[in-house]
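Q: Give me a model of this one.
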Amino acid sequence: MSEGSANWPLATDAPDETALPSPSETPAPPEETTCPLLTDLERIKPTVTKTKTFKGKGNKVIKHKVTGAALVVFECPRCTYISLSTNNDSYMLNQNSGYKGNFWINVGISEVTSKFEIKAKGSWTLQIKPVSAAKVVKGDTVSGKGDTALLVNKVHTLAKVTRFDKEFIAVWNHDKQMRSKVLALLNASLGANVEEIELCTPSYVQVTTDAKWKIEFLD
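A: Residues are numbered from 1 along each chain as shown. Presented below is the predicted three-dimensional model:
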């Protein structure tokens, strides 16, 4: 080899490529599981098996213990002011207008609710219902209007949220790991009306909005 030549290895010095595994033989690393299958939605067995109804007018504190997941339905259609809170949630509702909607309790960090405090200008009805009374998602699309609690029993990891009014909307996912995560958050009069979200079901899903909405599951 002349002076100044590159010191390339001779062909006989090349490594034996037959000793190396082919790409097809090389085992792929295990995929990380970001959405474990949740087969047991209940961390604590719910105690609510029948509907409990409370009616009133104006301000009232209701002391009633609810253990495990439950559905709360609240109606005050002609109220000019509403504030609803529990011992676990500072404000579940706080608005200067009538209201009709439903939402989950005891599906996040806390599993027991013992007090409901209502401040209202008008007559109201509060109902505590079993999990089975919630809207069950049976197909690949679910729609509605206003605050709605959803029970999603099938496995999904991707969905598309559409709102049909320029209103604030939030979609929450609550799973048995005591995790509560906001999946979509569209501000009133701002941003797009459609958003794709990653979720982890089976789980409890909560839609919070005054708008008409639709959720399409994409897998």
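
Q: and the helix or strand encompassing residue 83, what does it pack onto?
A: Per DSSP states H and E: residue 83 is located in strand 82-86. Counting by 3 or more CB pairs under 8 Å, 6 or more residues apart in numbering; DSSP states H and E, the packing neighbours recorded for strand 82-86 are strand 93-95, strand 112-120. For the C-beta atoms, the positions are set from N, CA and C on the backbone; glycine is no exception.

Q: right, and those - which one's nearest residue 160?
A: Distance to residue 160, taken as CB to CB, is lowest for strand 93-95 among the helices and strands packed on strand 82-86, at 27.3 Å.

Q: pLDDT score assigned to the residue nearest the centre of the chain?
A: Central residue of the chain (CA atoms, centre = their mean): residue 173, 1.6 Å from the mean position. Residue 173 carries a pLDDT value of 81.

Q: again with residue 45
A: pLDDT, read off for residue 45, is 71.

Q: Confirm that it sits in a strand.
A: No - Residue 45 sits outside any strand when classified using DSSP: H, G, I helix; E, B strand; the rest coil, being coil.

Q: residues touching it, list them.
A: residue 68 (CB atoms under 8 Å, 6 or more residues apart in numbering).

Q: Relative to residue 212, how far out is it?
A: As judged by CB to CB, to the nearest Å, residue 45 and residue 212 stand 35 Å apart.

Q: can you count the residues close to residue 155?
A: Per other CB atoms under 10 Å, the neighbour tally for residue 155 reads 14.

Q: Check which element follows the helix or strand where it lies along the chain.
A: Counting by DSSP H and E, the element that carries residue 155 is strand 148-163. Using DSSP H and E, the helix or strand that follows strand 148-163 in sequence is strand 169-174.

Q: How far does the helix or strand containing residue 72 sit from its chain's centre?
A: For residue 72, the host element (DSSP H and E) is strand 70-76. Its chain's C-alpha centre and that of strand 70-76 lie 18 Å apart, by CA atoms, centre = their mean, to the nearest Å.

Q: And for stretch 126-140?
A: Its chain's average C-alpha position is 14 Å from that of stretch 126-140, according to CA atoms, centre = their mean.

Q: if we can go back for a sec, mean confidence score for the strand holding residue 83?
A: For strand 82-86, the mean per-residue pLDDT is 94.

Q: strand partners of it, parallel vs antiparallel please.
A: Its sheet considered, strand 82-86 pairs with strand 93-95 (antiparallel), strand 112-120 (antiparallel) by DSSP bridges.

Q: So which bits of stretch 198-213 are buried?
A: The neighbour-count check on stretch 198-213 (16 or more other CB atoms under 10 Å) flags 199-211, 213 as buried.

Q: out of these, which one sits closest to residue 107?
A: Out of those, the member with the shortest distance to residue 107 (by CB to CB) is residue 204, at 4.6 Å.
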